[in-house]
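1. A structural model of the following input is requested.
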Amino acid sequence: MSQTLPLDQQLCFALYSVSNALVRLYRPLLQPFNLTYPQYVVLLALWQQDNISLGKLGRATLFDSGTLTPLVKKLEQKQLLQRVASQDDERVKQVVLTAAGKALQQKVSGVMQALRCQVAMEDNQLVQLRQLAQQLQQQISAAASCSTVAADTH
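-> So this is what the prediction gives:
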């Protein structure tokens, strides 16, 4: 009979706990702007590319529609963005930053540096960690799409 690894040796737990810790670090930095971390992620994606479909925003943020739609609605209530029908297809909603949403980018520009001051790792270590995390995420996505295809063929 095989035994499971202890909790402190589980990769999934290490990633889960560091993710929670990072979000907790962001909380007081984003609070003055009345933003949650997931809302900030949506805005980061839109600051990178504005006027995109909800589907493309979901792919950029890795949020499913059940998570993304309430976030977009909340940011719309805060008048930071708006949803408009696509000119090509009225069924497709485009997400567009408002003037207030665009102006917020400059206001929150210090958040990343403030967070960086709280993380005592070398820049090259952080780059390597990010690259490994992205690689793991891509491999998990590829494995999930393979299992979906396999399930569809049975």
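2. In the protein, what helix or strand scores lowest on average pLDDT?
-> Lowest on mean pLDDT, DSSP states H and E among the helices and strands of the chain sits helix 123-153, with a mean of 83.
3. What helices and strands are in contact with that one?
-> Under the contact definition 3 or more CB pairs under 8 Å, 6 or more residues apart in numbering; DSSP states H and E, helix 123-153 sits against no other helix or strand. Every C-beta, even on glycine, is put in place using the N, C-alpha and C of the backbone.
4. and that helix, which residues are buried?
-> Residues of helix 123-153 include none that count as buried (16 or more other CB atoms under 10 Å).
5. How far off centre is that helix?
-> Remark: helix 123-153 is offset 15 Å from the chain centroid, using CA atoms, centre = their mean, to the nearest Å.
6. residues in contact with the nearest residue to residue 69 once chain neighbours are set aside?
-> Spatial nearest neighbour of residue 69, chain neighbours left out: residue 54 (7.5 Å); criterion: CB to CB, 6 or more residues apart in numbering. Contact analysis of residue 54 by CB atoms under 8 Å, 6 or more residues apart in numbering lists 65, 68-69, 72, 83, 92-95.
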